[in-house]
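>>> Any chance you can model this:
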Amino acid sequence: MEQFDIQKISSADIDHAVEIGEKVWWVGRYMPDDLFQCNAYLIEHGDQSVLIDPGGHLTFEHVRRKVEEVVPFSSIRYFICHHQDPDITASLKIIEKIPGLRPDAVVVTHWRARELIKHYAIKLPFREVEEHHWQLDMGGRLLLFVFTPYLHFPGAFCTFDVTTGILFSSDIFGGMTHEWSLVARDESYFEDIRPFHEHYMPSREILSHSLMKIEELPLKLIAPQHGSILHGGLISFIIGKLKQLDCGIFALAGDNTDIRRLSFLNKTLKDITNTVIIYRDFRDIANALLEILRRTLPATSIEFHTKTLEGEPLYLAPETRYRSVVESLPEELSGVLGADRAAWYAGNAASYKKMSLQARPVQVRGDIREWCLLIPLFPLEGGRAEAAAVIRLAHDIKMTEDVDRLLGQMSGTFAIAVERETFYHMLDFERCKFYEQSIRDSLTGLYSRFYMEETLKRLMHAQDRNEKYGISMSMFDLDHFKRINDTHGHAAGDEVIKKVAATITGSIRASDIAVRYGGEEFAVFLMGNSAEECVTVAEKIRNKVKEIALDGPMSGKTLSVSAGVAMRRRNESLADFLRRADKALYHAKASGRDRVVMLED
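Numbers count the residues shown, from 1 in each chain. I've put the predicted structure just below:
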């Protein structure tokens, strides 16, 4: 036949032997409504022919009939049994009674399987693979044996036909199929392979160890004992997926060992863990976990409550796009933050508590209440809950062992995510605080010269592109300030400075920029005003400063300021702009103080 005509193999009549490679035949039996289809294979090689995994009592009659469509049964010298299970070996007792069975026929297997197969009390001799250098020379055709221990038993192995590049993989790559086909159709076949390997293979590490050996072979086809034949790009795809698969899921079983259920639960738990690894943004984590929850629960939303190190309550929810906001904990949840782990589990039968809470957002939903699941989020180390998750439900539900396991696993993921988000909130807060400290004068709260220079660069650039975008500056100097310091001390001087700064802030718009320019000097920048309007604002500030009420020894005294006003010219440098305002201020002080001066251009 043409080597690996996949279309021809796929459309073949499986009631007869099907050639899948050069003188390699599928001779298994299709059993309707059986998830565990068993495949047997024949390598046709004259009187040295090989029957691989001959089968059990349910299948062997069909296997024998199909073998004899190709060769006389007496042509078979080697019966390869990859392990000792009855779906492979139960037929051996039947085989040795077949009339004409050649006297030199042998069972090829591993010694560990031999020790169990011999309990069928068969008379066929054994040929142990490990005693013959892990190969079988059939005279012009070579078979190599690949040791795959613990998949699924200590003596498991696979058989590789060097001539065709076909790997007879035994249980590896096997599938549990609702709709069986001889050849796997596409990548979706992995979902049939997944549950078989998750419950049949002991661990991902053991499976990966053997997969790496298999990858070294020049594979053309993989013919497993169960499920469907793999070909082409499916081989590397399936190997890659299997390397990432968590196995040994019966450890999750509890009292229920349904394989599909365990596979679903295992995949869900893995997805939960991966979510926190894959995503950085808390909103993405919360939304991904919500979608995972919806596989099992009628969840409508997830929200979180926690506290900062300073004890400030934080709330993260869909309505805030999971940005942390300060909001007190609802009264019903007041005891959960700080709850002791041991005390929680002593008072609650599960990792969660079902309760009724007011629906959110309150302003839209009013007094409506809805079912929720409350989950305290305990840290990996330490015994007290530092956060809580609230899962809101579309309707009441009956809780199960699987849901408890799911929420218990998810609580650890939630705890990591919330702790990380709280840390980022603290960093942002500290960053803002330090930034504010860098751009604000510590005494007055006005902007610093650093902020003035950085901001004016951007504003001046905008004005240079649009002449209608005006920028004006008023530079103020507190008159006779040295006398205040000399007479009443620097503490009194600082109080005066703060009062003048507060007066300036209260006299301008939020969009205007007030700067502490020097010791007793202040600058105010207005955007989009005319020269006359700038002078008016400066006069307003001058008059309000005179109204400042002073306390203590300075009670009854009046303050005054002098001001110089300048309008920036297009393409004028900041230094020249400041110089002109300072020159106007000099004229104001030189002409008697307590006045506003704007020099003509």
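
>>> Look up phi and psi at residue 19.
phi -80, psi 120 (degrees, to the nearest 10).

>>> ok, how many other residues are close to it?
17 (other CB atoms under 10 Å). (C-beta placed from N, C-alpha, C; glycine too.)

>>> Could you report the pLDDT at it?
At residue 19, the pLDDT value in this model is 96.

>>> who's it bridged to?
residue 25 (DSSP bridges).

>>> Let me know the next secondary structure element after the lowest-mean-pLDDT helix or strand in the chain.
The least trusted helix or strand in the chain, going by mean pLDDT, DSSP states H and E, turns out to be helix 362-365, with a mean of 52. Using DSSP states H and E, the helix or strand that follows helix 362-365 towards the C-terminus is strand 369-377.

>>> what's in contact with that following strand?
297, 300, 304, 306, 333, 336, 339, 344, 351-359, 385-393, 395-397, 407, 410-411, 414-415, 418 (CB atoms under 8 Å, 6 or more residues apart in numbering).

>>> 6 Å instead, please
Defining contact as CB atoms under 6 Å, 6 or more residues apart in numbering, one finds that strand 369-377 is touched by 336, 339, 344, 352-359, 385, 387-393, 396, 407, 411, 414-415.

>>> Quickly run through the sheet partners of that strand, with directions.
strand 353-358 (antiparallel), strand 387-393 (antiparallel).

>>> follow-up on the earlier one: in PyMOL, how would I select the buried members of the contacts of strand 369-377?
Only the buried entries of those go into this PyMOL selection, using 16 or more other CB atoms under 10 Å:
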select buried, resi 336+339+344+352+353+357+358+359+385+387+388+389+390+391+392+393+407+411+414+415
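
>>> tell me the contacts of the most centrally placed residue in the chain?
The residue lying closest to the centre of the chain (CA atoms, centre = their mean) is residue 275, at 2.3 Å. Contacts for residue 275 (CB under 6 Å, 6+ apart) come out as 285, 288-289.

>>> quick one on the thing from earlier: mind putting the strands paired with strand 369-377 into a markdown table with mean pLDDT and distance to residue 154?
Converted to a markdown table, the strands paired with strand 369-377 look like this (pLDDT from 0 to 100; distance: least, CB to CB, whole Å):
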| stretch | mean pLDDT | distance to residue 154 |
| --- | --- | --- |
| strand 353-358 | 84 | 46 |
| strand 387-393 | 89 | 44 |
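
>>> Nearest to residue 141, out of those?
Among these, the nearest to residue 141 by CB to CB is strand 387-393 (61.5 Å).

>>> Can I get the closest one in CSV? Just the C-alpha atoms.
In CSV, the C-alpha atoms belonging to strand 387-393 read as follows (Å, rounded to 0.1, in the frame of the first residue of the first chain):
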residue,chain,number,x,y,z
ALA,A,387,-9.0,39.5,53.1
ALA,A,388,-12.4,38.1,52.0
ALA,A,389,-14.0,37.2,48.7
VAL,A,390,-17.7,37.4,48.1
ILE,A,391,-19.1,35.4,45.2
ARG,A,392,-22.6,36.6,44.2
LEU,A,393,-25.0,34.0,42.8
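
>>> Go ahead and name everything in contact with that strand.
Contacts of strand 387-393 (CB under 6 Å, 6+ apart): 298-306, 336, 370-377, 414, 418.

>>> Report the buried members of the residues you listed.
Using 16+ other CB under 10 Å, the buried ones in the contacts of strand 387-393 are 299-306, 336, 370-377, 414, 418.

>>> From the chain's centre, how far out is the helix or strand hosting residue 94? Work that out for me.
In the assignment (DSSP H and E), residue 94 maps to helix 92-95. When C-alpha coordinates are averaged (CA atoms, centre = their mean, to the nearest Å), helix 92-95 and its chain have centres 53 Å apart.

>>> residues of it that come out buried?
Across helix 92-95, burial judged by 16+ other CB under 10 Å covers 92, 94-95.

>>> Likewise for stretch 176-191?
Quick answer for stretch 176-191 (16+ other CB under 10 Å): 176-177, 180, 182-184, 189-190.

>>> ok so, going back, closest to residue 231 among the contacts of residue 275?
Of these, the one sitting nearest to residue 231 (CB to CB) turns out to be residue 288, at 34.6 Å.

>>> In three-state terms, how would that closest one be classified?
helix (DSSP: H, G, I helix; E, B strand; the rest coil).

>>> for the stretch 251-400 of the chain, what spans make up the helices?
259-278, 282-293, 341-347, 362-365 (DSSP state H, counting those that start in this stretch).

>>> Same question for the stretch 51-200 of the chain.
Under DSSP H, counting those that start in this stretch, the stretch 51-200 of the chain gives helices at 60-67, 86-89, 92-95, 111-117, 190-200.

>>> right, and those helices - which one's nearest residue 155?
helix 111-117 (3.0 Å).

>>> which other helices and strands contact the closest one?
Of the remaining helices and strands, none touches helix 111-117 by 3 or more CB pairs under 6 Å, 6 or more residues apart in numbering; DSSP states H and E.

>>> residues of it that come out buried?
For helix 111-117, by 16+ other CB under 10 Å, it's 112-114, 117.

>>> now, which of those residues sits nearest residue 105?
Distances from residue 105 to the buried residues of helix 111-117, taken by CB to CB, are shortest for residue 117, at 14.3 Å.

>>> Which of the helices of the stretch 51-200 of the chain sits closest to residue 163?
helix 60-67 (19.1 Å).

>>> got the buried residues for the closest one?
Buried residues in helix 60-67 (16+ other CB under 10 Å): 60, 62-64, 66-67.

>>> Same check on stretch 512-527?
Result for stretch 512-527 [16+ other CB under 10 Å]: buried residues 512-517, 520-526.

>>> Output the strands paired with strand 369-377 in CSV; the columns should cover distance to residue 590.
Shown next, in CSV, are the strands paired with strand 369-377 (distance: least, CB to CB, whole Å):
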stretch, distance to residue 590
strand 353-358, 69
strand 387-393, 65
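
>>> Please name whichever of the ones you listed is nearest to residue 35.
Of all the strands paired with strand 369-377, strand 387-393 comes closest under CB to CB, at 34.0 Å.

>>> so that closest one versus helix 282-293, what angle?
Orientation check (axes from the mean of the first three to the mean of the last three CA atoms, to 10 degrees): strand 387-393 against helix 282-293 gives 50 degrees.

>>> and strand 387-393, how far from the chain's centre?
That offset, for strand 387-393, works out to 19 Å (CA atoms, centre = their mean).

>>> For residue 383, give me its contacts.
Per CB under 6 Å, 6+ apart, neighbours of residue 383: 340-341.

>>> That one and residue 341: what is the separation?
According to CB to CB, to the nearest Å, residue 383 and residue 341 sit 4 Å apart.

>>> same thing with residue 515?
Counting by CB to CB, the gap from residue 515 to residue 341 is 53 Å.

>>> Now do residue 232: how many residues are near it, please.
12.
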